[in-house]
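1. Whatever this is, show me its structure:
(one chain, ligands or ions: 1)
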Amino acid sequence: MDVPTAIDGFKNIISSLNNENSLHFLNWVKENINDLIDKQIKVVDHNSDIVLESIREDIRTLLPLNGVTPTEKICTPSVGPNADCESTTTEHIDAFCFNDDDIDDLCDEGQMSRNYCTNCGSKSIQPLTFITHSASVKEIKYIFRHLLGDLRGKTVVDVGSRTGALLYGAYLMSEAPCIVGVEIDPTFCHIQQQMVTKYGMKDRIQVFQKDVQQCDSLIQQADVLILNNVFEFFMPLDVQKSIWNFLYQNVRKKGSYVVTVPSVQESLQSIELPLDLDSWLQEIPTGEVTARANLLLYGDPVTEDSELTQIHLYQVK
Ligand SMILES: C[S@@+](CC[C@H](N)C(=O)[O-])C[C@H]1O[C@@H](n2cnc3c(N)ncnc32)[C@H](O)[C@@H]1O
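-> Now for the predicted structure:
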C-alpha cells in the first residue's frame, strides 16, 4: 500500500464511525502517536542495520583483509599526527567491514594481531597502530541519524567514497534524494557500483570515478560535503595543497554543511596551507549531539572508545 492509499484508508475509518466513536478513535491516535512513531523508527533502524550488515559481508569477500586494492597506492604521511605510521608496525583495516568484535575474532583465528614483538622471543610487545580508511558503522549512524538534520531535497557528496559506506548510510538513514560518491580508485568504484545495483539504490546514489578536482560543478552544488580524511594517505603533499585550494574556491554554497575528519584546521596545519578559514567556514559545536549519540551507540555519553569526537561539522559562511 502506498502512503496516499493509507491516508484515504485512515479517513475512511473515521468516516465509518459515528461521531462519538470517531472522536474516541482520534483521541486514541493523539495519545499514542509518539509511541507509534518511536516503534516505527526502531523497525526502520532494524531494517537499515540488516541491509548494511549484508553489504559489509559482501564487501569483505571482495577485498583483501587490509582493505587496500591492487590499483591504489597508499602514501604514508611524512607530516602530521600520522607521520609515525611505519609500514612494519601499522595494520590497515577497514572499519566499515571490520568492527572491534570482528578484529577480536580475526586475532583469535590467528589471521591478525593487535601487537608486535619488539624483541623476538621475549614478552616485550607493543600495540600495532591500526589505520582505517573507511567510516565505521557507528560513525555512519552518528552522521546520518544524529549530526545532520532532515536531508529531504538535499545533495550529499562523499569525496573519496571508497567502499561506499557513507553512501549506503545516507541512502538507508536519510531521505536525501541525490547521494554522490566521487572516488579516484577504479576497483573501489566497481565495488560501489556492484553494491548500488545489488541493493537497488540506483534511484538515489551515483558514483563517479574521478579526481575530485574534475568535479567543480558537483562540489559547488553540494548541500552536504563529506571529507573523511580523504587525502592524507592517498595524495602527495603538493597535490593535497592544490585540492584544498580547489575546495576553498568551490565549496561556497552559503549555509551548506561540511563534515570532516579530522578538523579542517588540523588538515591545513599538517600541510602548512594558510587559508582564511574564518571567512569560509563556521564550526558548529557538536558536544550535546555527540553525548546523546554516544549514549545510544555505546551506552555511555562520555565513553573513551568513541570515535565520534573526531568528526567535525561546519557551515559555509
Ligand atoms: C579515507 S578514504 C574515505 C572513505 C570514505 N569516505 C568513508 O568515509 O568510508 C579516502 C578515499 O579517497 C580517495 N581519494 C583520495 N584522493 C582523491 C581525489 N583527489 N579524488 C577522488 N578520490 C580521492 C582514496 O582513493 C580513498 O579511497
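2. give me every residue that touches the residue nearest to Gly160 when sequence neighbours are not counted.
-> Residue nearest to Gly160 in three dimensions, not counting chain neighbours: Val230, with 3.8 Å by C-beta to C-beta, 6 or more residues apart in numbering. For glycine as for every other residue, the C-beta is placed from the backbone atoms N, C-alpha and C. If you count contacts by C-beta atoms under 8 Å, 6 or more residues apart in numbering, Val230 has them with 159-160, 212.
3. And Val230, how far from Val259?
-> Relative to Val259, Val230 is positioned 12 Å away (criterion: C-beta to C-beta, to the nearest Å).
4. same thing with Trp28?
-> 41 Å.
5. more neighbours, these two?
-> Val259 (20 against 10; other C-beta atoms under 10 Å).
6. rewinding a little: kindly identify which of the contacts of Val230 also come near the ligand.
-> The subset of the contacts of Val230 within reach of the ligand, by C-beta under 6 Å from any ligand atom, is 160, 212.
7. Quick check: of the contacts of Val230, which lies closest to Asp185?
-> Gly160 (8.8 Å; C-beta to C-beta).
8. Quick one: residues contacting the nearest residue to Tyr257 once chain neighbours are set aside.
-> In space, and not counting its chain neighbours, Tyr257 is closest to Val224: 4.7 Å by C-beta to C-beta, 6+ apart. Contact partners of Val224, counting by C-beta under 8 Å, 6+ apart, are 148, 151, 154-157, 176, 256-259.
9. Would you check which pair of those residues lies furthest apart?
-> Largest separation among the contacts of Val224 by C-beta to C-beta: Ala176 and Val258, giving 15.3 Å.
10. Report the buried residues of stretch 259-278.
-> 259-262, 264, 266-268, 270-271, 273, 275, 277 (16 or more other C-beta atoms under 10 Å).
11. What about the residues you listed, which are in helices?
-> 264, 266-268, 270 (DSSP state H).
12. Give me the number of neighbouring residues for the residue in the chain positioned nearest to the ligand.
-> Closest approach between the chain and the ligand, counting by C-beta to the nearest ligand atom: Gly160, at 2.1 Å. Residues contacting Gly160 under the criterion other C-beta under 10 Å number 22.
13. Show me what stretch 16-29 is in contact with.
-> Contacts of stretch 16-29 (C-beta under 8 Å, 6+ apart): 13-15.
14. What residues sit buried inside stretch 91-100?
-> Under 16+ other C-beta under 10 Å, the buried positions of stretch 91-100 are 91-98.
15. cool, stretch 291-310 as well?
-> 291, 293-294, 297-298, 306-308.
16. Among those residues, which ones are in helices?
-> 291, 293-294, 297-298.
17. Enumerate the residues of the stretch 1-150 of the chain near the ligand.
-> Going by C-beta under 6 Å from any ligand atom, the residues of the stretch 1-150 of the chain near the ligand are 72, 96, 133-135.
18. One more pass at 5 Å, please.
-> The interface of the stretch 1-150 of the chain toward the ligand, taken as C-beta under 5 Å from any ligand atom, is made up of 133-135.
19. Which residues are in contact with Arg204?
-> 171, 176-179.
20. next one: Met235
-> With C-beta under 8 Å, 6+ apart, Met235 has these contacts: 75, 243.
21. could you say which helix or strand contains it?
-> Assigned by DSSP states H and E, Met235 belongs to no helix or strand.
22. State the distance from it to Glu175.
-> Met235 is 33 Å from Glu175, by C-beta to C-beta.
23. just to revisit the earlier point, report the two of the buried residues of stretch 91-100 separated the most.
-> The farthest-apart pair in the buried residues of stretch 91-100, when distances are taken by C-beta to C-beta, is Glu91 and Phe96, at 15.5 Å.
24. And the strands in the stretch 201-317 of the chain?
-> 205-209, 224-228, 257-261, 281-283, 312-316 (DSSP state E, counting those that start in this stretch).
25. Show me what the last one is packed up against.
-> With contacts defined as 3 or more C-beta pairs under 8 Å, 6 or more residues apart in numbering; DSSP states H and E, strand 312-316 has these neighbours: strand 257-261, strand 281-283.
26. and what of the first one?
-> In terms of contacts (3+ C-beta pairs under 8 Å, 6+ apart), strand 205-209 is packed against helix 165-173, strand 178-183, helix 186-198.
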